[in-house]
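Asker: Below are the sequence and a predicted model; questions follow.
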Amino acid sequence: MPRSRRRPGRTVPPAALFAIPVTLAALAAAVLPAGAASQVVIYRCTDASGALTVQNDVPCPAGSRQERTVVEPPPPMPAYVPQAVQDIAPPTPAAAAPGAAERLQAPPPAALAPADRLPPPPIYRCHTPGNGRYIHEASDPQPRCVPLRTVGIDGDPGLGAGAACEWQHDRCERIPDEEACEGWRQRGREIESTWRYARGDARAPLQQEFARVSTILSDTTCGLSGSH
């Protein structure tokens, strides 16, 4: 008796049925010829021994359990159309942070005759309790409340509670008149140095203060050539 011939297909061992997933859409795409638009029928055939055969457009042989799936062909890909090159405006440069090259601009000096110029206002050199020095326009600047370290009852700093501060008063002395112009120039440099590290709303008042000090330097006798 002649042996029956097996339909063409792919046989998967029973142990690998759950290890190798079959993607029907990918299989359909693989067997479709280029430009085809017809449906593809996939047959999953399981014989009496549990062997699985997957084949396309060929029904399962007699005595096999058959699962039939119809796969629609994927829609054709749209033709590639190159887009026109659009004009892209160059990015706007970001505002530079205050750096070493940045400098506050002083207002232009007034056109005053030497006889109409007055000496600059008094200015003071102040000393802090910590031996710091700065230039101020008042002989008695506002005191500062310097925070103090608090400790617990047994002197343990880790058990300190609350907050405390000590009022400190700076000692100021008037700069001699012959050195007043240089004192005002140092005052302007101190304002500019503080302005460089200021952020947000603190920058505008420092700009105005620098402009005021610059006007004093330009419109008084400090603006004369050779003034000290």
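Answerer: Yes, it's here.

Asker: quick one: low-confidence parts of the protein?
Answerer: For the chain, applying pLDDT under 70 flags the ranges 1-38, 73-104, 106, 109-110, 151-162, 225-228.

Asker: For it, just list every one of the strands.
Answerer: 10-12, 40-46, 52-56, 65-71, 124-127, 133-136, 144-148, 164-168, 171-174 (DSSP state E).

Asker: Which positions in the second one come out as buried?
Answerer: Within strand 40-46, the residues that count as buried by 16 or more other CB atoms under 10 Å are 40, 42-46. Heads up, the C-betas are built off the backbone N, CA and C, glycines and all.

Asker: for Cys126, what are its contacts?
Answerer: Cys126 is in contact with 133-136, 141, 170-173, counting by CB atoms under 8 Å, 6 or more residues apart in numbering.

Asker: What residue, apart from its backbone neighbours, is nearest it spatially?
Answerer: Cys172 (4.0 Å; CB to CB, 6 or more residues apart in numbering).

Asker: next one: Arg133
Answerer: His127 (5.7 Å).

Asker: How about Ile191?
Answerer: Closest residue to Ile191 apart from its sequence neighbours, by CB to CB, 6+ apart: Phe210 at 4.7 Å.

Asker: partners of the residue nearest to Arg133 in the sheet?
Answerer: Arg133, Arg171 (DSSP bridges).

Asker: is it true that it touches Cys172?
Answerer: Yes: contact criterion CB atoms under 8 Å: His127 and Cys172 qualify, at 7.5 Å.

Asker: Looking only at neighbour counts, state which of the two leads.
Answerer: Counted by other CB atoms under 10 Å, His127 and Cys172 do not tie: Cys172 has more neighbours, with 19 against 13.

Asker: Now do the same contact list for that one.
Answerer: 124-127, 136, 138-141.

Asker: Weed out the non-buried ones from those.
Answerer: Among the contacts of Cys172, the ones that count as buried by 16+ other CB under 10 Å are 124-126, 136.

Asker: and of those residues, the nearest to Ala113?
Answerer: Taking CB to CB as the measure, Ala113 sits nearest to Tyr124 out of these, at 29.4 Å.

Asker: how near is that closest one to Ile191?
Answerer: Distance of Tyr124 to Ile191, computed by CB to CB, to the nearest Å: 15 Å.

Asker: which one among the contacts of Cys172 gets closest to Leu206?
Answerer: Using CB to CB, the contacts of Cys172 come closest to Leu206 at His136, 15.2 Å.

Asker: Quick one: end-to-end length of stretch 120-128, please.
Answerer: Stretch 120-128 has an end-to-end distance of 25 Å (criterion: CA to CA, to the nearest Å).

Asker: so Val41 touches Asp57, yeah?
Answerer: Yes: the pair Val41 / Asp57 is scored as a contact, 5.4 Å apart, by CB under 8 Å.
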